[in-house]
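> Test case, fold it:
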Amino acid sequence: MINNNRIVPVQATDLITLYAVILKQDTTNNSTLAKVNAANANGDFAITAASTPLLCSEPAKSIDLAAAVTAATVYFVPTYDFVGFSLAGVAEEPAAGSVDIDADGATLYKAVLSSGDITVTKVGL
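Down below sits the predicted model:
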């Protein structure tokens, strides 16, 4: 926490919307940030196009990147039962150098697909 003495509570919004507002402040990298909705009520995301950075609109249980997607940046919060990523339906482990994902339902992560590898980083402090 940056300030332990004067905490201002977040009100009238949800955590993922708050993340979206913060991410959009990085106009160099996220000026075209777009939300992507889950394919079903379980939080399974099917990314079929990713010409702009994407933010999952709810905690993600899984993220599948279609074969046509060769490069992507996806921001996400993992569900408590997060199962991971897949490329065209085939399970894929994050690339070497990726952080371990703490499936806590609150932490924001960034997954970048490049050259067939998915690299995951934690966003924030």
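> Which stretches in this structure count as strands?
34-36, 44-47, 54-56, 62-65, 72-76, 84-87, 90-92, 109-114, 117-122 (DSSP state E).
> so what's the nearest residue to residue 92 once chain neighbours are set aside up against?
Distance criterion Cβ to Cβ, 6 or more residues apart in numbering; nearest residue to residue 92, sequence neighbours excluded, is residue 85 at 4.9 Å. Backbone N, C-alpha and C define where each C-beta goes, glycine included. Neighbouring residues of residue 85 by Cβ atoms under 8 Å, 6 or more residues apart in numbering: 62-65, 91-94, 111, 118.
> tell me the pLDDT at the residue of the chain positioned farthest from its centre?
The centre of the chain is farthest from one residue, residue 5, which by Cα atoms, centre = their mean lies 30.5 Å away. On the pLDDT scale, residue 5 is placed at 81.
> for the chain, which spans come out with low pLDDT?
Applying pLDDT under 70 to the chain flags residues 1.
> Longest helix in it, please.
Taking DSSP state H as the assignment, the helix of the chain that covers the most residues is helix 15-24.
> list the helices and strands that one packs on?
strand 54-56 (3 or more Cβ pairs under 8 Å, 6 or more residues apart in numbering; DSSP states H and E).
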